[in-house]
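Q: Just the structure for this:
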Amino acid sequence: MSRFFRAKGDSDSETESSEDEVEDQKVNKSAKFRDDLDFMAGPEDDVKRVVRAQKDKKFDELKSIIKQNRDAKSNKDLNRLLNGFDSLAKAFKSSKNVFQQQNVTIPRFYIRSLVEVEDYVNNLWEDKEAKAALSKNNAKALPVIRQRLKKYVKDEDLGKLIADYRASPDEDGYETPEDEDDDDFEEIPEAKTEKSPGKQADKAADSDSDSDSDDGDSSNWSSEPDTNSSDDEDSVTKMEQLRRYFLKKEFREDSKDDKKGDKRKRVIKVKEVVEDDDDDSWTPVSREKSVVHFDPKEEVTHDVMIKKLNEVMSARGKRTTDRNQHVANLQKLLEVSEEKNLGLGINVKISFCIISALFELNAKISDFMEYETFMKTLQTVNRLLDLLIETDKVKLSVTYAEEDENLKDDTQEYRIQGSILIAVQRLDGELAKILQNADCHSNDYIEKLKAEKDMCQLIEKAEGYVELRGHLKIFDEHEVCKVYMMRIEHTYYKYQDQNEKEVGKTMDYLCNKIYSLDKEKRLRQRAMLCHVYWLAVHDQWHRARDLLLMSHMQAIVDHSDVDTQILYNRTICQLGLCAFRHGFIREAHQGLSEIQNTQRAKELLAQAVGTRQHEKTAEQEKIDRSRQVPYHMHINVELMECVYLICSMLLEIPHMASCEFEMRRRMLSRSFHYQLKQSEKASLTGPPENTREHVVAASKAMLNGDWKKCKDYIVNDKMNQKVWNLFHNAETVKGMVVRRIQEESLRTYLLTFSTVYTTVNLKKLADLFELSKKDVHSIISKMIIQEELSATLDEPTDCLIMHRVEPSRLQMLALNLSDKLQTLAENNEQILEPRTGRGGYQGPGSWFPGRNERQGDKQKGSGGFQGERRGGQGQDGKRGNWGSQGGQQRRHPQKQRAF
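A: Got it, this is the predicted structure:
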């Protein structure tokens with residue numbers, strides 16, 4: 001029968017056999033020799049046709065989509081994963097009819113794929129860091145695929161199957177029966193039917209051995225999908241048959257033995273891996289192999305060691321270099337160098353390379369070093385510094401070039417390129433970054449803070465090394481100044497109660513060193529500010545104030561770098577607290593107001609990052625965080641605010657009482673007035689809770705003249721815990737505050753109730769405010785001299801006689817009108833001055849030189865109402881002289897010149 005009819009019959013049987021797989025091979029029994037040389041026949045004599053069932057086609061379609069989804073997961077491409085999931089759902093929907101016709105359940109590999117996608121999406125949804133790192137498109141696709149997956153599982157009633165799979169999941173490497181049809185390995189077909197028994201057995205054995213070896217390969221090695229066509233498989237099969245026919249038996253047996261041996265070896269490897277997996281400990285595998293190995297037959301000399309060191313250092317900075325392995329290699333070299341006694345030059349060179357490698361364990365400079373790595377680096381630097389101090393044969397300097405290095409000639413001094421001072425400086429910076437990134441409210445911060453003691457000892461040792469080897473001129477002056485500056489920065493903020501004199505001498509010595517050596521002025525400015533800070537902490541107010549004023553830092557600080565400005569802000573605040581402890585209320589208020597009035601105290605002191613994040617880029621925010629002061633160096637902002645409000649109360653309340661009738665009241669502290677207004681707006685005022693409310697309540701009591709109530713609000717148990725106990729001389733400070741409250745309450749009482757009394761007995765005032773008669777007499781005399789109070793003291797009767805000189809309503813309106821006209825005139829002068837180049841119109845006297853001076857005495861005596869109830873405050877800062885006309889000449893003295 002011809003092939004045409006045979007092929008047609010085969011196609012008919014294909015449709016009638018429920019589309020089962022059918023193989024039809026043409027076998028010629030009479031041609032025995034052709035059986036082995038079948039490839040020599042024409043292409044149409046033997047055609048291998050494979051007809052696959054529709055079920056298998058659907059399985060292949062699903063598996064190809066699942067494979068694409070796995071690739072999308074490995075690449076973190078959620079858009080591709082979303083499209084693949086939709087394609088998988090459509091393909092499964094179209095396959096349902098085929099599965100129902102052939103009574104096939106839902107494939108297990110399909111359930112496994114859904115579980116993998118669900119786990120991947122849920123893990124990514126819960127991982128906030130990974131979720132934030134997604135691109136914009138992937139971030140949009142994540143919630144969509146999560147929602148569609150939930151809906152699909154619910155609509156298709158797959159929840160039970162997924163739950164069953166999760167109860168007994170497949171192990172890694174396990175293949176379901178459906179997966180076995182998709183084997184990735186080729187399988188050589190058996191010999192054709194009706195062959196000689198010997199050859200048939202041989203070829204069967206060959207095919208078995210090949211399949212076994214392939215199975216062994218598949219258990220050990222990852223395979224690629226089979227993409228060859230059926231024609232390629234036929235040609236490979238025929239060539240393999242020809243090769244085996246002409247191959248000698250002994251070689252064929254050897255090849256079989258080799259394959260079996262390879263199989264046994266691979267099986268043994270797999271077993272070893274399985275046995276190792278059962279152990280509790282895991283051994284990390286590194287891609288880079290250790291390069292430190294010397295030829296055992298070769299002697300390790302200086303040249304061999306230097307060559308090996310250059311070989312190890314050549315891998316430094318490369319992307320494929322394992323940094324930890326790089327450090328281990330250098331440490332191995334150091335051990336070999338010490339074992340072979342190659343000299344100090346090699347040891348110091350390798351030690352310095354180890355220090356550099358330890359610093360480079362972090363890929364980014366902005367990242368902080370691990371604490372264990374920091375301690376290891378600290379010990380290495382310490383050992384190297386001890387070695388440099390013990391011997392004077394080694395010179396380590398940045399001024400040497402690589403060609404000038406001497407590592408092996410012991411008859412001369414060893415010269416090595418590098419700087420131990422820069423290593424100490426960088427180590428100090430790493431400690432600051434470690435403390436910045438630690439949780440300041442945990443015990444971990446305290447443990448890491450203990451390293452500062454070792455760091456201070458290392459800095460002192462480096463300072464001793466500089467002074468010991470300073471005559472050799474191997475150090476740069478800037479490096480030496482940085483060493484002194486590091487010791488100052490670790491000392492200036494610490495309060496020394498016992499060794500204050502010794503530490504003070506050390507601070508003077510270190511600062512004088514920097515004043516004489518530094519040429520860039522930046523370190524001099526920082527040393528000056530640290531010195532003022534230290535003096536303020538130790539209550540040396542006058543010396544600290546004079547040093548700050550002589551430095552003129554307040555004039556040049558705006559042109560300094562940001563770190564210096566932060567140090568200046570800290571110094572000003574500490575100086576204000578020192579003035580408050582000494583009782584200089586006005587100076588304390590002036591110093592603290594520069595920081596407190598900005599409402600950004602923490603940000604200006606580098607104790608917090610600003611909340612206005614939309615105004616800063618990510619890089620700027622990163623830089624701001626790197627400038628933050630470690631927590632143990634913080635200034636208590638709540639204490640500083642409370643001190644500022646108390647100073648404002650002691651200055652502002654008497655001022656408010658003296659300016660009761662003035663329309664334009666000059667405020668000394670806007671923030672204090674804001675707190676008072678907020679308290680007045682409150683509909684219900686309860687007992688004070690925080691320090692701010694305590695000061696506001698005390699201010700109201702002082703305004704009424706009740707000094708005892710004011711004292712109770714300021715000095716109590718709650719304020720002791722939050723404020724007063726934080727001072728090292730708490731009792732002295734509290735006594736000073738109570739004394740100032742008594743004095744300012746007396747002044748406020750006299751200014752407020754002067755219109756009520758005609759005469760006041762000094763003894764009653766002394767008893768009312770619990771002051772001595774001498775103190776009351778002194779306070780009242782100062783008020784009369786400064787024209788704050790219109791009264792006189794009567795010595796015989798020991799009384800204070802009040803003068804009732806209240807201005808009338810008309811006089812008050814006239815004064816307000818004169819103030820407004822004066823403001824208008826000043827505005828006109830400011831407009832005319834840049835146009836005309838002159839000082840504007842200043843009255844007829846300005847046209848004639850000297851006329852204003854001649855008439856000055858007359859004008860001082862002129863004016864309408866001469867008296868004031870409490871003297872009032874004019875524009876020139878002096879009291880009295882309502883409506884005085886002499887203020888115009890005193891306002892612009894520099895503009896009085898000849899025409």
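
Q: which residues in this protein form strands?
A: 22-23, 50-51, 394-397, 414-417, 759-761, 791-794, 799-802 (DSSP state E).

Q: Out of the ones you listed, flag the one nearest Ile635.
A: When these are compared by C-beta to C-beta, strand 394-397 sits nearest Ile635, at 39.2 Å. The C-beta positions use only the backbone N, C-alpha and C, and glycine is treated the same way.

Q: pLDDT averaged over the closest one, what's the number?
A: For strand 394-397, mean pLDDT is 89.

Q: Indicate each strand paired with that strand and its parallel or antiparallel sense.
A: In the sheet, strand 394-397 lines up against strand 414-417 (parallel) (DSSP bridges).

Q: Mind listing what's buried along the partner strand?
A: Across strand 414-417, burial judged by 16 or more other C-beta atoms under 10 Å covers Tyr414, Arg415, Ile416, Gln417.

Q: CA atoms of that strand as PDB?
A: Extracted C-alpha coordinates of strand 414-417, given in PDB (Å, rounded to 0.1, in the frame of the first residue of the first chain):
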ATOM      1  CA  TYR A 414      61.600  53.300  56.600                       C
ATOM      2  CA  ARG A 415      59.600  55.800  54.600                       C
ATOM      3  CA  ILE A 416      56.000  55.000  53.900                       C
ATOM      4  CA  GLN A 417      53.300  57.000  52.200                       C
END
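
Q: which residues are in contact with that strand?
A: Residues outside strand 414-417 that contact it (C-beta atoms under 8 Å, 6 or more residues apart in numbering): 343-345, 348-349, 352, 393-398, 400-402, 404-407.

Q: Recalculate using a threshold of 10 Å.
A: 343-349, 351-352, 388, 391, 393-409, 474 (C-beta atoms under 10 Å, 6 or more residues apart in numbering).

Q: Quick check on those residues: which are buried?
A: If we count by 16+ other C-beta under 10 Å, the contacts of strand 414-417 have these buried: 343-349, 351-352, 388, 394-397, 400, 405-407, 474.

Q: Return the subset of the residues you listed lying in helices.
A: Counted as lying in helices by DSSP state H, out of these, are Leu344, Gly345, Ile346, Asn347, Val348, Lys349, Ser351, Phe352, Leu388.

Q: Would you mind checking which of the buried residues of strand 414-417 is nearest to Ser366?
A: Gln417 (26.9 Å).

Q: For the spatially closest residue to that closest one that is not a sequence neighbour, which residues are in contact?
A: Once flanking residues are discounted, Gln417 sits nearest to Tyr400: 4.6 Å by C-beta to C-beta, 6 or more residues apart in numbering. With contact set as C-beta under 10 Å, 6+ apart, Tyr400 has these partners: Asn406, Arg415, Ile416, Gln417, Gly418, Ile474.

Q: excluding its backbone neighbours, what's nearest Gln436?
A: Gln436 sits nearest to Gln628 (C-beta to C-beta, 6+ apart), 5.5 Å away.

Q: how close does the nearest residue to Val695 once chain neighbours are set aside sit to Ala608?
A: Setting aside the residues directly before and after it, Val695 is nearest to Leu645 in space (C-beta to C-beta, 6+ apart), at 4.2 Å. In this view, Leu645 and Ala608 are 20 Å apart by C-beta to C-beta, to the nearest Å.

Q: who has more neighbours, the two?
A: Leu645 (25 against 16; other C-beta atoms under 10 Å).

Q: Go ahead and confirm that one touches Ala697.
A: No. The criterion here is C-beta atoms under 10 Å, and Leu645 misses it with Ala697 at 11.4 Å.

Q: coming back round to it: can you give me the separation between the residue nearest to Gln436 and Ala139?
A: 31 Å.

Q: likewise Tyr509?
A: For Tyr509 relative to Ala139 (C-beta to C-beta), the value is 59 Å.

Q: More neighbours: which of the two?
A: Ala139 (13 against 10).

Q: how far away is the more buried one from Glu743?
A: For Ala139 relative to Glu743 (C-beta to C-beta), the value is 66 Å.

Q: need the contact list for Pro687.
A: Glu693, His694, Ala697, Tyr713.

Q: what residues are up against Asn341?
A: Asn347 are the contacts of Asn341 under C-beta under 10 Å, 6+ apart.

Q: Check it and give its pLDDT.
A: The model's pLDDT for Asn341 equals 88.

Q: and if you look at Lys450?
A: 92.

Q: likewise Leu832?
A: At Leu832, pLDDT is 77.

Q: and if you look at Gln554?
A: 86.

Q: Then Ser207?
A: In this model, Ser207 carries a pLDDT of 42.

Q: that older thread, report the two of the ones in helices among the buried ones among the contacts of strand 414-417 separated the most.
A: Going by C-beta to C-beta, the pair spanning these furthest: Ile346 and Leu388, at 14.7 Å.

Q: if we can go back for a sec, measure the residue nearest to Gln417 to Glu413 for me?
A: Distance, Tyr400 to Glu413, using C-beta to C-beta: 11 Å.
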